[in-house]
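A.B. asks: can't give you the sequence, but here's the structure:
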């Protein structure tokens, strides 16, 4: 059963950094989109960053210049480097991955279990 295992969350002070990891097991990150989402209490799930099949990336405006999404194919792991963290970044963070589905790719088919990021002021 394919799984995405998320790690790297924690508690930091504003201005600090964290690096989230999303390791795939029984699943290979194919040339389909991968993404990080987050959900804060009482708010809807928000797309934070995406890396497309052509390796281009995109970010929600509030994290541009602070967060970096990347993929290490040799480790089959997706990352989210988060710098200059702000209290408003506090949320549960999830990774998601699409899979090959003829004729292209599926919607996000696999989801990680989430990791809590808490930023204090």
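C.D. replies: Arrived safely, thanks for sending. Not measured: the values here are computed from a predicted model.
A.B. asks: give me the beta-bridge partners of the residue nearest the centre of the chain?
C.D. replies: Of all residues in the chain, the one closest to the mean position by C-alpha atoms, centre = their mean is residue 36, 2.4 Å from it. Here residue 36 sits in beta bridges with residue 49, residue 95, as judged by DSSP bridges.
A.B. asks: Contacts only, for it.
C.D. replies: 20, 22, 47-50, 69, 78, 80, 93-96 (C-beta atoms under 8 Å, 6 or more residues apart in numbering). Using the backbone N, CA and C atoms, a C-beta is placed for each residue, glycine as well.
A.B. asks: Among these, the buried ones, what's the ChimeraX command?
C.D. replies: With 16 or more other C-beta atoms under 10 Å as the criterion, this ChimeraX line picks the buried residues out of the contacts of residue 36:
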select :20,22,48,49,50,69,78,80,93,94,95,96
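A.B. asks: Specify which residues of this protein, grouped into ranges, have pLDDT under the cut-off.
C.D. replies: Along the chain, no part satisfies pLDDT under 70.
A.B. asks: could you pull out the strands for it?
C.D. replies: For the chain, the strands defined by DSSP state E occupy 3-7, 10-13, 18-25, 34-39, 46-51, 57-59, 67-72, 77-82, 91-101, 104-111, 115-120.
A.B. asks: Tell me the helices and strands packed up against the longest one.
C.D. replies: If I follow you right, that is strand 91-101. Packed against strand 91-101, as judged by 3 or more C-beta pairs under 8 Å, 6 or more residues apart in numbering; DSSP states H and E, are the following elements: strand 3-7, strand 18-25, strand 34-39, strand 77-82, strand 104-111, strand 115-120.
A.B. asks: Count the neighbours of the closest residue to residue 18 other than its chain neighbours for me.
C.D. replies: Closest residue in space to residue 18, ignoring its immediate chain neighbours: residue 82 at 5.0 Å, by C-beta to C-beta, 6 or more residues apart in numbering. Applying other C-beta atoms under 10 Å, we find 26 residues neighbouring residue 82.
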